[in-house]
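# Model the following, please.
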Amino acid sequence: MNSKTKAYLIGGGVGSLAAAAFMIRDGNMPGGNIMIMEAASIMGGSLDGAGAPSVGYSLRGGRMMTTDNYECTWDLYKSIPSLNNPDMTVFDETVEFNQKHNAHSLARLVDRRRAKVPVSSMGFSMQDRIELLKLSSADEDTLGTSCITDWLSPGFFETEFWCMWSTTFAFQPWHSAVEFRRYLHRFMLEFSRIETLAGVKRTIYNQYDSLVMPLKSWLEAQGVRMVLDCRVTDLDHKTEDDRFIVTAIHLMRQGKNEVISVNDGDLVFMQNGSMTDASSVGSMTSSPRKLTEAESGGWRLWEKLAEGRPHFGNPAAFNSCIAQSCWESFTVTLKTPVFFDKMVEFSGNEPGTGGLVTFKDSNWLMSIVLAHQPHFPNQPEDVQVFWGYSLFPDRIGNFVAKPMEECNGSEILQELCGHLRFDMKTVKTANCIPCRMPYITSMFMPRMHSDRPLPVPRGSKNLAFISQFVEIPDDVVFTVEYSVRAAQMAVYELLCIDRKIPPITPHDKSLQAQFEALLKAFK
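Prediction:
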């Protein structure tokens with residue numbers, strides 16, 4: 001690598017931040033040679049988290065973490081100092097935190113009578129077992145663009161297993177059979193403990209403060225330039241010896257158009273697509289706006305580049321059906337402990353040890369999770385924050401006679417208290433902020449293998465893609481790990497770094513894991 005080589009990263013999500021760190025740590029690139037451009041006013045992409053007691057806290061979501069998987073993520077965070085204890089890495093503090101706060105859900109599913117659903121059995125019929133085995137054994141070419149419903153009978157989607165698996169990972173019956181199969185293999189360890197979520201690991205605070213902020217701080221100390229409110233609108237390029245080469249970056253900043261020349265030897269990394277594009281938030285008195293692709297910009301640059309270039313993927317496979325990729329989350333800020341106290345009494349779990357509580361008979365398929373408190377570094381001791389989401393925001397509620405997507409925060413709390421049989425006085429001080437995300441599970445949409453580009457597409461000399469919409473064999477989207485692994489693969493290839501990328505741990509090849517999964521399937 002030439003010492004004058006510069007790297008331009010389009011998008012400020014965790015993938016770009018990780019790519020910058022890998023370039024510095026493993027590629028010996030000076031931090032001052034790296035520029036990250038982010039259209040929003042804050043870094044972090046989909047790993048967000050902000051607010052204050054006065055206005056309420058808000059999270060679009062949180063990704064499930066494990067230490068049994070996430071090989072590239074922890075390879076990175078073993079090098080990033082903690083902001084809470086500079087003598088520890090982020091990895092070390094996360095391990096220490098989870099040793100103190102073990103996950104073991106005692107109320108994973110709750111039925112219409114507000115009774116805890118027994119989950120020692122997965123509820124499979126023999127037909128379910130045979131069909132699940134057939135799906136998990138099929139190769140991806142055979143599965144093709146099929147949906148989960150093409151392989152599993154209607155009864156499967158009424159089982160306790162499906163309710164727990166789908167709400168843990170946000171799968172819908174119409175999603176890709178390929179992605180569902182990948183999850184079964186990648187998270188085989190979780191199959192046998194899905195009812196307790198014992199394999200789930202949590203960060204000390206929300207993932208923005210625990211993962212994004214330490215990484216951002218480390219990069220800034222290395223001299224990396226981070227430019228906010230900067231939207232990249234186009235890339236100039238040329239073809240030379242059948243190689244695609246980016247030559248300039250067009251961007252809009254502070255209302256003005258600018259052009260950055262990309263010189264010979266420079267590199268461009270782009271976050272193609274966005275699962276939180278066109279997100280909108282509501283309030284206690286208003287529902288979130290129903291934004292669509294017309295009000296968003298997260299897909300346009302990829303669409304431009306992919307036109308006429310099949311190696312650059314097919315965005316339309318993922319962003320063409322909002323009805324099948326949309327769901328809604330909500331964040332609740334409380335100023336009295338009444339709700340948390342009643343939840344501890346009901347669930348048997350202290351905050352931070354229980355994971356998702358799913359209301360199995362909820363028309364919205366609503367789930368909530370009470371994290372360890374405080375969930376934000378600036379959160380006072382007398383304030384509590386919890387998060388929830390629903391997979392079917394287009395359906396009429398059980399206690400509120402309209403779809404969730406038309407509900408304000410107060411009405412969402414009414415629906416929640418209805419399922420819990422809690423008096424509304426329990427949430428008298430609550431501030432509930434709903435968030436609609438039209439593309440949140442767009443990565444799960446049925447697709448052809450060619451619809452996702454490789455991190456470094458065939459024929460590209462200086463352009464790489466980093467996102468949930470690239471192709472990484474055997475790994476699973478909708479995880480922090482996918483973005484970090486894509487970043488590591490792209491950086492190592494373009495910088496010719498001679499260091500082995502941590503391989504995907506083959507838990508599905510473990511005889512013990514297979515045996516435990518088999519036992520669980522026949523309970």
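# Let's test this: name the helix or strand in the chain with the lowest mean pLDDT.
helix 511-521 (a mean of 84; mean pLDDT, DSSP states H and E).
# What is that helix packed up against?
Contacts defined by 3 or more CB pairs under 8 Å, 6 or more residues apart in numbering; DSSP states H and E place helix 511-521 against helix 188-191. (C-beta placed from N, C-alpha, C; glycine too.)
# Remind me what the helix it packs on packs against, helices and strands.
By 3+ CB pairs under 8 Å, 6+ apart, helix 188-191 packs against helix 511-521.
# now what about the helix it packs on, what contacts it?
122, 124, 129, 132, 188-189, 191-192, 194, 507-508 (CB atoms under 8 Å, 6 or more residues apart in numbering).
# Need the CA coordinates for stretch 128-145. PDB is fine.
Written as PDB, here are the backbone C-alpha positions of stretch 128-145 (Å, rounded to 0.1, in the frame of the first residue of the first chain):
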ATOM      1  CA  ASP A 128     -43.000 -30.500  11.400                       C
ATOM      2  CA  ARG A 129     -39.800 -32.400  12.300                       C
ATOM      3  CA  ILE A 130     -39.500 -34.100   8.900                       C
ATOM      4  CA  GLU A 131     -40.100 -30.800   7.000                       C
ATOM      5  CA  LEU A 132     -37.700 -28.900   9.200                       C
ATOM      6  CA  LEU A 133     -35.000 -31.500   8.600                       C
ATOM      7  CA  LYS A 134     -35.600 -31.400   4.900                       C
ATOM      8  CA  LEU A 135     -35.300 -27.600   4.700                       C
ATOM      9  CA  SER A 136     -32.200 -27.500   6.900                       C
ATOM     10  CA  SER A 137     -30.600 -30.200   4.800                       C
ATOM     11  CA  ALA A 138     -31.300 -28.700   1.400                       C
ATOM     12  CA  ASP A 139     -28.600 -26.700  -0.400                       C
ATOM     13  CA  GLU A 140     -29.100 -23.100  -1.300                       C
ATOM     14  CA  ASP A 141     -29.400 -23.800  -5.000                       C
ATOM     15  CA  THR A 142     -32.400 -26.100  -4.300                       C
ATOM     16  CA  LEU A 143     -34.000 -23.500  -2.000                       C
ATOM     17  CA  GLY A 144     -33.500 -20.700  -4.500                       C
ATOM     18  CA  THR A 145     -36.000 -17.900  -4.100                       C
END
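# Check which residues of that stretch are buried.
With burial defined by 16 or more other CB atoms under 10 Å, the residues of stretch 128-145 counted as buried are 128, 131-132, 135-136, 138, 143.
# Identify, from those, the entry nearest to Cys163.
Proximity of those to Cys163 (CB to CB) peaks at Asp128, which lies at 13.2 Å.
# Go ahead and confirm the closest one touches Glu158.
No - Asp128 is beyond contact range of Glu158, at 9.7 Å (criterion: CB atoms under 8 Å).
# Return the distance of the lengthiest helix in the chain from the chain's centre.
Longest helix in the chain, counting residues (DSSP state H): helix 480-494. Centroid separation for helix 480-494 versus its chain: 16 Å, with CA atoms, centre = their mean, to the nearest Å.
# Which positions within that helix qualify as buried?
Those would be 480-492, 494, for helix 480-494 by 16+ other CB under 10 Å.
# now do stretch 304-324
Under 16+ other CB under 10 Å, the buried positions of stretch 304-324 are 305-306, 312-315, 317-319, 321-322.
# show me where pLDDT drops low in this structure?
For the chain, applying pLDDT under 70 flags the ranges 1, 67.
# if you set the cut-off to 80 instead, what comes out?
For the chain, the stretches with pLDDT under 80 are 1-3, 62-68, 296, 515, 523.
# what's the domain layout of it?
Domain assignment for the chain, taken from automatic domain parsing, gives 7-52+64-94+205-274+297-305+448-494, 119-192+507-521.
# any idea which of these is most buried?
Counting by mean count of other CB atoms under 10 Å, domain 7-52+64-94+205-274+297-305+448-494 has the highest mean neighbour count of the domains of the chain, with a mean of 20.
# and it, how far out from the chain's middle?
How far domain 7-52+64-94+205-274+297-305+448-494 lies from its chain's middle: 15 Å, per CA atoms, centre = their mean.
# Could you look up the SS state of Ser410?
At Ser410 the chain is in helix, as set by DSSP: H, G, I helix; E, B strand; the rest coil.
# Is His372 in a helix, a strand, or coil?
Recorded secondary structure, His372: coil (three-state DSSP).
# swap that for Met23, please
Quick answer, by three-state DSSP: Met23 is helix.
# what separates the nearest residue to it once chain neighbours are set aside from Phe22, distance-wise?
Among residues not flanking Met23 along the chain, Met29 sits closest, at 4.3 Å (CB to CB, 6 or more residues apart in numbering). Per CB to CB, to the nearest Å, Met29 is found 9 Å from Phe22.
# now swap in Ile504 and tell me
17 Å.
# again with Phe478
Distance of Phe478 to Phe22, given as CB to CB: 22 Å.
# returning to what we had before: could I get the buried residues of stretch 128-145 in CSV, plus columns for distance to Val385 and secondary structure?
Formatted as CSV, those follow (distance: CB to CB, whole Å; DSSP: H, G, I helix; E, B strand; the rest coil):
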residue, distance to Val385, secondary structure
Asp128, 38, helix
Glu131, 41, helix
Leu132, 37, helix
Leu135, 38, helix
Ser136, 37, helix
Ala138, 42, coil
Leu143, 40, helix
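# Let me know the closest of those to Lys500.
Of the buried residues of stretch 128-145, the one sitting nearest to Lys500 (CB to CB) turns out to be Ser136, at 28.5 Å.
# residue contacts, that closest one?
By CB under 8 Å, 6+ apart, the residues touching Ser136 are 181, 184-185.
# Could you list which of those belong to helices?
Those of these mapping onto helices are 181, 184-185, per DSSP H.
# Need the distance between the two termini of stretch 288-299.
21 Å (CA to CA, to the nearest Å).
# Next, the buried residues of that stretch.
Buried-residue list, stretch 288-299, by 16+ other CB under 10 Å: 288, 291, 293, 296, 298-299.
# Now do the contacts for His237.
244-247, 463.
# In strands, which of these appear?
244-247, 463 (DSSP state E).
# Tell me the one of those nearest Thr94?
Checking these one by one against Thr94 (CB to CB), the nearest turns out to be Leu463, at 33.2 Å.
# who does the closest one bridge with?
In this structure, Leu463 bridges to Val268 when assessed by DSSP bridges.
# That one reaches Pro455, doesn't it?
No - using CB under 8 Å, Leu463 is not in contact with Pro455; the gap is 10.3 Å.
# just to revisit the earlier point, just the buried residues of stretch 128-145 now: which is nearest Met65?
Nearest to Met65 among the buried residues of stretch 128-145, with distances taken as CB to CB, is Ser136, at 23.6 Å.
# what are the ranges of the helices in the stretch 51-200 of the chain?
71-77, 90-100, 126-137, 140-143, 160-169, 177-186, 188-191 (DSSP state H, counting those that start in this stretch).
# Now distance to Met64 too, for those helices, in CSV please.
Converted to CSV, the helices of the stretch 51-200 of the chain look like this (distance: least, CB to CB, whole Å):
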stretch, distance to Met64
helix 71-77, 12
helix 90-100, 13
helix 126-137, 20
helix 140-143, 23
helix 160-169, 7
helix 177-186, 11
helix 188-191, 9
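# And those: which comes nearest Lys116?
Nearest of those (CB to CB): helix 160-169, 11.6 Å.
# now the closest one against helix 177-186, angle please.
90 degrees (axes from the mean of the first three to the mean of the last three CA atoms, to 10 degrees).
# give the contact list for the closest residue to Ser121 other than its chain neighbours.
Using CB to CB, 6+ apart and skipping the chain neighbours, the partner closest in space to Ser121 is Lys523 (4.7 Å). Residues near Lys523 by CB under 8 Å, 6+ apart: 120-122.
# which among the buried residues of stretch 304-324 gets closest to Tyr57?
Distances from Tyr57 to those, taken by CB to CB, are shortest for Ile322, at 26.5 Å.
# So what's the gap between the least confident helix or strand of the chain and the chain middle?
For helix 511-521, the distance to the chain centre is 27 Å (CA atoms, centre = their mean).
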